[in-house]
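> Coordinates only, no sequence provided:
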């Protein structure tokens, strides 16, 4: 019966110690993006920001969210923690300086040191999946094509 199937499914999840979450990091990232994660004093690749930077940050953030959904190991992080690390990864990928700001601490509730482990996990997984991309500057267009390939 459907009910016995559900009971068996719950038992398997319990035995495997799987943790299911109702709020994926992409929803938290969306909230952060809606509040603003780019600031007037930020620089992009050593220059003043251009108008498209917020759109680029959004593309990178969505890309990293999708990437982390592909690996169960990212379930160890709370959605808000992983979302903050994804924002940091997006800023690093775009070479936005500073990488982390007091405004982002107030928005996310995390100091950079608190998310550095999750950030390094995201970044190393990214480099593993896309060798050579993490060590060079890549365009948001290439991120979009990687998201859908």
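Right, received. Where do you want to start? Model, not experiment: these values are computed from the prediction.

> so where's this protein uncertain?
1-6, 19-22, 134-149 (pLDDT under 70).

> With the flanking residues excluded, which residue is spatially nearest to the most centrally placed residue in it?
Centroid check for the chain by C-alpha atoms, centre = their mean gives residue 86 as the closest residue, at 2.3 Å. Distance criterion C-beta to C-beta, 6 or more residues apart in numbering; nearest residue to residue 86, sequence neighbours excluded, is residue 64 at 4.4 Å. Where you see a C-beta, it was placed from the backbone N, CA and C, and this is true even at glycine.

> doesn't residue 88 make contact with that neighbour?
No - in this structure, residue 64 is not within contact of residue 88 by C-beta atoms under 8 Å, at 9.6 Å.

> returning to what we had before: how much space separates the residue nearest to residue 86 from residue 16?
26 Å (C-beta to C-beta, to the nearest Å).

> Give the residue from those two that has the larger number of neighbours.
Legend: neighbour count by other C-beta atoms under 10 Å for residue 64 and residue 16, higher for residue 64 (29 against 8).

> Okay, the more buried one and residue 110: tell me how far apart.
If you go by C-beta to C-beta, the gap between residue 64 and residue 110 works out to 16 Å.
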